[in-house]
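Participant: quick one, fold the following:
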Amino acid sequence: MTLILAGDIGGTKVTLGVFGLDVKRPRLRIAEGYASKDFPDFESILVRFLSDHAIRPDCACFAVAGPVLAGKCHTTNLPWVIEEKRLCNILGLDKVWLINDLAATALAVPLLKSSELVTLNKGIRRKGTIGVIAAGTGLGEALLFWDGDSYHPISTEGGHAGFAPTNLLEAELWRHVRKERGHVSVERLLSGPGLVRIYEFLRANEQEPEAAEAEQTPDNEKPAVIAELAMKGKNTLCKKALDIFVSIYGAEAGNLALRGMTTGGIYLAGGIAPKILKWIEKGRVMKAFSDKGRFSDLLSQIPVKVILNKETALLGAAIYSLPPIPDPRTPLCFDKPQELCY
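Facilitator: Residues are numbered from 1 along each chain as shown. Model prediction:
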């Protein structure tokens, strides 16, 4: 039996999983999660996982939040350096793959089941380039480029591009963050810490009572508390903050759709979207998504969906690790650089 070791290395959590081959897509057999802050480096997590589960994988790929250059990644939101060569030595494999986490997520999108998705905009179903945007500890964006015959993942660092306000309130928010941080990337606002930043901006500028629960919560837990208070209608500042947050989410998703001409759809991934789905479905996301002037009609035709499967990046990493499949009738046929042929 072929065993595939896959990993999803994020700023908050690292998930490692073992997959076996199946007819339609690799099947997850073992999964284990670890708090990133509890370990000095990724290798320590990997060694513990291998010891706990006594496995010898046949191939391995790790999806990591950050740019992968020449088989190495300096993680964006962790003080870690991860190298393919060092992982090969630990695993006893000739080759181990590192791939950007959003590129891995994009790879898995065509294999997701309908039960793993929530549709925000049905749009027009087309075979075309797919875009994935994921807000979590940071903000990731990627494309799955359709060349007419097959898909090719394209990783980006679009989350670190400049934030573009779409109204006067967002312009004031931009000025507020500019004073604090200098460069105002989209990630500074469209992420867990970004939601806190929006709340703090409103607290300083609005005549509304602050949220005592949020004020007393540790920083790493504040985004979840603010979102929960908003969705339960317990605090006006939290509701306003979440409204701004989802509007920025929709606007940036629309920007990605235009930049990548993603006629195959836009998919909201990451840890935040499923947790605030109730707020996302209210319509602010789609309003901001399609508010693109002369291209509003085009944007309204693009399917937009939320990914519910928490292990999508893990699945994508498993897919990427597979060797070429010679039979062209199989649903997955790979060649590095990776291709998906459907």
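Participant: show me how the chain divides into domains.
Facilitator: Following automatic domain parsing, the chain resolves into domains at 3-101+310-321, 113-308.
Participant: tell me which of these lies nearest to Leu107.
Facilitator: Taking C-beta to C-beta, domain 3-101+310-321 is the member of the domains of the chain nearest to Leu107, at 3.9 Å. In this view, the C-beta of every residue, glycine as well, is placed from N, C-alpha and C.
Participant: what mean pLDDT does that closest one get?
Facilitator: Domain 3-101+310-321 shows a mean pLDDT of 94.
Participant: got it, and stretch 284-294?
Facilitator: Mean predicted lDDT for stretch 284-294 stands at 97.
Participant: and that stretch, which residues are buried?
Facilitator: 284-286, 288-290, 292 (16 or more other C-beta atoms under 10 Å).
Participant: among the residues you listed, which ones are in helices?
Facilitator: 284-286, 288-290 (DSSP state H).
Participant: possible to save the buried residues of stretch 284-294 as JSON lines with distance to Asn167?
Facilitator: Shown next, in JSON lines, are the buried residues of stretch 284-294 (distance: C-beta to C-beta, whole Å):
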{"residue": "Arg284", "distance to Asn167": "12"}
{"residue": "Val285", "distance to Asn167": "15"}
{"residue": "Met286", "distance to Asn167": "17"}
{"residue": "Ala288", "distance to Asn167": "10"}
{"residue": "Phe289", "distance to Asn167": "15"}
{"residue": "Ser290", "distance to Asn167": "15"}
{"residue": "Lys292", "distance to Asn167": "14"}
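Participant: what's the closest of those residues to Leu5?
Facilitator: Val285 (35.4 Å).
Participant: distance check, Gly194 against Glu84.
Facilitator: 31 Å (C-beta to C-beta, to the nearest Å).
Participant: between those two, who's got more neighbours?
Facilitator: Between Gly194 and Glu84, counted using other C-beta atoms under 10 Å, Gly194 has the larger neighbour count: 26 against 20.
Participant: the more buried one touches Val184, doesn't it?
Facilitator: No - using C-beta atoms under 8 Å as the test, Gly194 is too far from Val184 to be in contact (10.3 Å).
Participant: hang on, the earlier thing: turn the domains of the chain into JSON lines, including distance to Leu107.
Facilitator: Listed next are the domains of the chain as JSON lines, based on distance: least, C-beta to C-beta, whole Å:
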{"stretch": "domain 3-101+310-321", "distance to Leu107": "4"}
{"stretch": "domain 113-308", "distance to Leu107": "5"}
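Participant: tell me the phi and psi of the residue nearest to the spatial centre of the chain?
Facilitator: Most central in the chain under C-alpha atoms, centre = their mean is Ala134, positioned 3.1 Å from the mean C-alpha point. Main-chain torsions, Ala134, degrees, to the nearest 10: phi -140, psi 110.
Participant: residues in contact with the nearest residue to it once chain neighbours are set aside?
Facilitator: Closest residue to Ala134 apart from its sequence neighbours, by C-beta to C-beta, 6 or more residues apart in numbering: Gly270 at 3.1 Å. For Gly270, the contact set (C-beta atoms under 8 Å, 6 or more residues apart in numbering) comprises 133-136, 140.
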